[in-house]
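Engineer: attaching a predicted model along with its sequence, questions to come.
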Amino acid sequence: MKTQLGFFRRVICPSFPTLLLACGVVVISSCSSVPTSSSTTTTTPKVSLPASVAFGSIPEGIQSSVMTATLMNTGSGSLTFSSNPAVGGTNAADFAITGSTCTTASPVAGGSSCAVNLEFTPSTMAAETATLTFADNASPATQTVPLTGTGTAAAPLVGLSPASLSFGIVAEGTTSSPLTVTVDNTGDAALTFSSDPSITGANAADFAILSSTCSTAASVAAGSSCAVEVTFKPSTTSGESASLNFADNASPAMQTVLLSGGPASTTSNSVPLTVDSGPLGGDVNLAFISITVCSPGSTTNCQTINNIQVDTGSSGLRIEASELSITLPQATNSSGDPLGDCVQFADMTYAFGPVQTADIQIAGEKASSVPIQVIAATGFPSAPSTCATATGTNLDTVQAFGANGLIGVGLFKQDCGQACVSSAISGTYYACPDNLCSPTAVPLASQLQNPVWLFPQDNQGVILTLPAISSSGATTATGTLTFGIGTQTDNALGSAQVLTTDSEGFVTAIYSGEQYADSFLDSGSNGIFFLDLGPPNFPACNDYLGFYCPTATAQFSTMIRGVNGLEAAANFSVTDIDALGSASNFTLAAFSNAGGPGAAGLGFDYGLSFFYGQTIFIGIEGQTVGSVTGPFYAY
């Protein structure tokens, strides 16, 4: 933020060397001679007018838009009119004054103006002229403005909406829902078709006109429209295109709409999503999948790793070095220095390790040469002081992490984004030459990537589906992690309410009339964390640390509002999970009613407890699903 300073300046007049001027304050004297009492002042008006008013080409018999001629009195005296403005000349009858503030009844003071509104309705198909005349007390006493316009033949004008039709992904051999093209006649004459609309092009046979009101049998009046419905039935396994053509009496005589579409993905796109007690036991509300990582380009130097936690609140794959038995290439910065990555979570935990490169395979999906983090790798420097949080835990072991790794499949393509491209930010990326690490800027392509957006298909986002569980908890819950949105029969958006987020991935939670802007959906959080209710009604749990254990189960009714203004209900409950866990000898791993106090500065964190019994879509930034572009949540 910058300040703007004023200043005080003194000016000395050459004719009066002892006299001072305070600029912008009070003028004591001017540097010119002082007029005598016998001096007189003459005030006269002076007229300034536009050089001309040109209406351009107007169809014969059609009234033009209004044009304005503004008269400015640039003199010091009052301008008075001896008669009202008038139009004369060769084609005066075709130019009309439709309104005027320049009248004999209204003098125009010095420095002021008046205006005359005019219209042009040509009676010929030729150039026409006239003159707008003002008569007043200025010198000369008459002023004129040339008026010009050209009459043309009336003609239709075609507007196509939309200019192209994209059917998106459609299963091979399946007919799509129809899409509509509207032809608007925005001209001033009837639009007639010389032939009925047709489809041509490489894949014309796979696109069909379902219905049409645009035909040779009926003209489209000026200001009216007609419409064509088109369907798509792909017969190939690649993208297809064609053109919808309209031939008529407009200019140009042919208008086209590009048609495009592609077959649905046939890739295996889902894996089991399991909530259990984790690789070492004792975990609560953590959802896991299995993944395969390979050295880039290799089909043999590969390893399948279980118990990888699924996190919709971050981006990128992070694996504990102790669980990785294959060798992966080390990533470097532009200077050739080994690259390290730091991640800091909202609960003040952190992890640090080298950035290495791997191919990632999940179900039938594959992302190639993806930068990943290998946590606490042997031989790599330990976490720098600017990575380690003051009171947090280093997640450098499976026991501390509660998982063998974490895969971030959230809203964003990279884990840091543009901020880390332009600046070296502590707590993100580090260059580590000679085992000495310091923050460094990193290009987008070198940052940890959400692998989903790198899949050849099924790359719009993910869908988490978990079953409803008992209010008493469950030892395990198994659902599905599905890749892609709107690309296969198992990932259609359907009737889910889409809630777009802001650029930081936040939506607004509404509770008891209050709005909590920095709210989000996060499968990596193992409860619903919100507010700071505290005792006596919401005491902290003794066994499940960080959670509320209320004296009675509490129901909460909230709404989530997206940046697009749409809302969806988000109701949940919070109960005493200490009592539930104790009753089961602490064998329970899944709770739909676990909640706790939220992190400072954040709104509602709808963690995994919110995901039970729901299908929740996570749309990645910049990826398009129908008419919606990520980032968005939907359920």
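Structural biologist: Yes, it's here. Numbering: from 1, shown residues only.
Engineer: low-scoring stretches of the protein, by residue?
Structural biologist: Applying pLDDT under 70 to the chain picks out residues 1-41.
Engineer: 50 - rerun?
Structural biologist: Low-confidence segments of the chain (pLDDT under 50): 1-39.
Engineer: domain ranges for it?
Structural biologist: 47-152, 162-263, 270-454, 461-634 (automatic domain parsing).
Engineer: would JSON lines of those with mean neighbour count be doable?
Structural biologist: C-betas here are computed from N, CA, C, even on glycine. As requested, the domains of the chain are exported to JSON lines (neighbours: other CB atoms under 10 Å):
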{"stretch": "domain 47-152", "mean neighbour count": "17"}
{"stretch": "domain 162-263", "mean neighbour count": "17"}
{"stretch": "domain 270-454", "mean neighbour count": "19"}
{"stretch": "domain 461-634", "mean neighbour count": "19"}
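Engineer: what strands line up against the helix or strand hosting Thr68, and which way round?
Structural biologist: Per DSSP states H and E: Thr68 is located in strand 67-73. Note on strand 67-73: by DSSP bridges, its sheet partners are strand 47-48 (antiparallel), strand 113-120 (antiparallel).
Engineer: what does that strand contact?
Structural biologist: 45-50, 53, 55, 79, 102, 108-120, 132, 134, 138, 143, 145 (CB atoms under 8 Å, 6 or more residues apart in numbering).
Engineer: only C-alpha atoms, please: export it in CSV.
Structural biologist: The C-alpha trace of strand 67-73 is given here as CSV (Å, rounded to 0.1, in the frame of the first residue of the first chain):
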residue,chain,number,x,y,z
MET,A,67,-28.1,9.6,-33.3
THR,A,68,-27.3,12.7,-31.4
ALA,A,69,-25.9,16.1,-32.4
THR,A,70,-24.6,18.0,-29.4
LEU,A,71,-24.2,21.8,-29.4
MET,A,72,-21.6,23.2,-27.0
ASN,A,73,-21.5,26.9,-26.0
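Engineer: give me the angle between whichever helix or strand comes after it and strand 67-73.
Structural biologist: Using DSSP H and E, the next helix or strand after strand 67-73 towards the C-terminus is strand 81-88. Between strand 81-88 and strand 67-73, the angle comes out at 150 degrees (axes from the mean of the first three to the mean of the last three CA atoms, to 10 degrees).
Engineer: other SSEs contacting strand 81-88?
Structural biologist: strand 95-100, strand 127-136 (3 or more CB pairs under 8 Å, 6 or more residues apart in numbering; DSSP states H and E).
Engineer: what lines up beside the helix or strand just after the last one in the sheet?
Structural biologist: Think strand 127-136. Using DSSP H and E, the helix or strand that follows strand 127-136 towards the C-terminus is strand 142-152. Here strand 142-152 is paired, per DSSP bridges, with strand 53-59 (parallel), strand 127-136 (antiparallel).
Engineer: out of the ones you listed, nearest to Val275?
Structural biologist: strand 53-59 (70.3 Å; CB to CB).
Engineer: now the angle from that closest one to strand 95-100?
Structural biologist: Going by the same axes, to 10 degrees, strand 53-59 makes 120 degrees with strand 95-100.
Engineer: can you tell me what sits against strand 53-59?
Structural biologist: Outside strand 53-59, the residues touching it (CB under 8 Å, 6+ apart) are 64, 67-69, 118, 120-122, 132, 145-155, 188-189.
Engineer: how about a cut-off of 7 Å?
Structural biologist: The contact list for strand 53-59, computed with CB atoms under 7 Å, 6 or more residues apart in numbering, reads 64, 67, 69, 118, 120, 122, 145, 147-155, 188.
Engineer: do stretch 360-373 as well
Structural biologist: By CB under 7 Å, 6+ apart, stretch 360-373 touches 267-271, 289, 291-294, 296, 316-319, 331, 341, 343, 353, 355-359, 446-449, 451, 454-455, 458, 483.
Engineer: go again with 8 Å.
Structural biologist: Against stretch 360-373 from outside (CB under 8 Å, 6+ apart): 267-271, 289, 291-294, 296-297, 302, 316-319, 328, 331, 341, 343, 351, 353-359, 446-449, 451-452, 454-456, 458, 483.
Engineer: list the ones among the residues you listed that fall in strands.
Structural biologist: 270-271, 289, 291-294, 302, 316-319, 341, 343, 351, 353-359, 483 (DSSP state E).
Engineer: state the distance from Thr553 to Phe538.
Structural biologist: The gap separating Thr553 from Phe538 is 11 Å, by CB to CB, to the nearest Å.
Engineer: overlap of the contact sets of the two?
Structural biologist: Joint contacts of Thr553 and Phe538 (CB under 8 Å, 6+ apart) are Val574.
Engineer: how close does Cys432 sit to Ala127?
Structural biologist: 77 Å.
Engineer: run through who's touching the biggest helix by length in the chain.
Structural biologist: In the chain, with assignment by DSSP state H, the single longest helix is helix 577-583. The contact list for helix 577-583 (CB under 8 Å, 6+ apart) reads 284, 472-473, 541-544, 547, 549, 588, 591, 593-594.
Engineer: got a list of what Thr475 touches?
Structural biologist: Contacts of Thr475 by CB under 8 Å, 6+ apart are Asp276, Ser277, Ser584, Thr587, Leu588, Ala589, Ala590.
Engineer: kindly report the same for Ser298.
Structural biologist: Asp359 are the contacts of Ser298 under CB under 8 Å, 6+ apart.
Engineer: show the backbone phi and psi for it.
Structural biologist: According to degrees, to the nearest 10, the main-chain angles of Ser298 amount to phi -90, psi 150.
Engineer: the strands in the stretch 451-600 of the chain, which residues?
Structural biologist: Using DSSP state E, counting those that start in this stretch, the strands of the stretch 451-600 of the chain run over residues 461-466, 477-483, 498-500, 507-511, 514-521, 528-529, 554-561, 567-574, 595-596.
Engineer: mind putting these into CSV with distance to Gly262?
Structural biologist: Shown next, in CSV, are these (distance: least, CB to CB, whole Å):
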stretch, distance to Gly262
strand 461-466, 18
strand 477-483, 17
strand 498-500, 22
strand 507-511, 31
strand 514-521, 30
strand 528-529, 39
strand 554-561, 33
strand 567-574, 30
strand 595-596, 44
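Engineer: quick one on the thing from earlier: can you tell me which of the strands paired with strand 142-152 comes nearest to Thr182?
Structural biologist: Closest among the strands paired with strand 142-152, using CB to CB: strand 53-59, at 23.4 Å.
Engineer: which of the contacts of helix 577-583 sit farthest apart?
Structural biologist: Ser472 and Asn542, at 18.8 Å, using CB to CB across the contacts of helix 577-583.
Engineer: hmm, back to that, the strands paired with strand 142-152: which one's closest to Phe246?
Structural biologist: Nearest of these (CB to CB): strand 53-59, 21.5 Å.
Engineer: CA atoms only for the closest one, dumped as CSV, please.
Structural biologist: Output of strand 53-59 as CSV, limited to C-alpha atoms (Å, rounded to 0.1, in the frame of the first residue of the first chain):
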residue,chain,number,x,y,z
VAL,A,53,-23.8,13.0,-38.2
ALA,A,54,-23.4,9.8,-40.3
PHE,A,55,-26.1,7.1,-40.0
GLY,A,56,-24.2,4.6,-42.3
SER,A,57,-26.2,2.0,-44.2
ILE,A,58,-29.8,1.4,-43.2
PRO,A,59,-32.3,-0.9,-45.1
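Engineer: number the residues from 17 up from this point.
Structural biologist: I'll keep to 17 as the first residue from here, and by that count the last item is strand 69-75.
Engineer: chain center to it: distance?
Structural biologist: 41 Å (CA atoms, centre = their mean, to the nearest Å).
Engineer: quick one, helices of the stretch 317-466 of the chain?
Structural biologist: Using DSSP state H, counting those that start in this stretch, the helices of the stretch 317-466 of the chain run over 414-417, 435-438.
Engineer: list the contacts for Asp200?
Structural biologist: Counted by CB under 8 Å, 6+ apart, Asp200 has contacts Val174, Gly175, Leu176, Ser177, Ser240, Ser241.
Engineer: ditto for Pro138
Structural biologist: Ile74, Pro75, Glu76, Gly77, Ile78, Asp110, Glu144, Gly165, Thr166, Gly167, Thr168.
Engineer: mind checking the end-to-end distance for stretch 89-99?
Structural biologist: Length of stretch 89-99, first residue to last, CA to CA, to the nearest Å: 17 Å.
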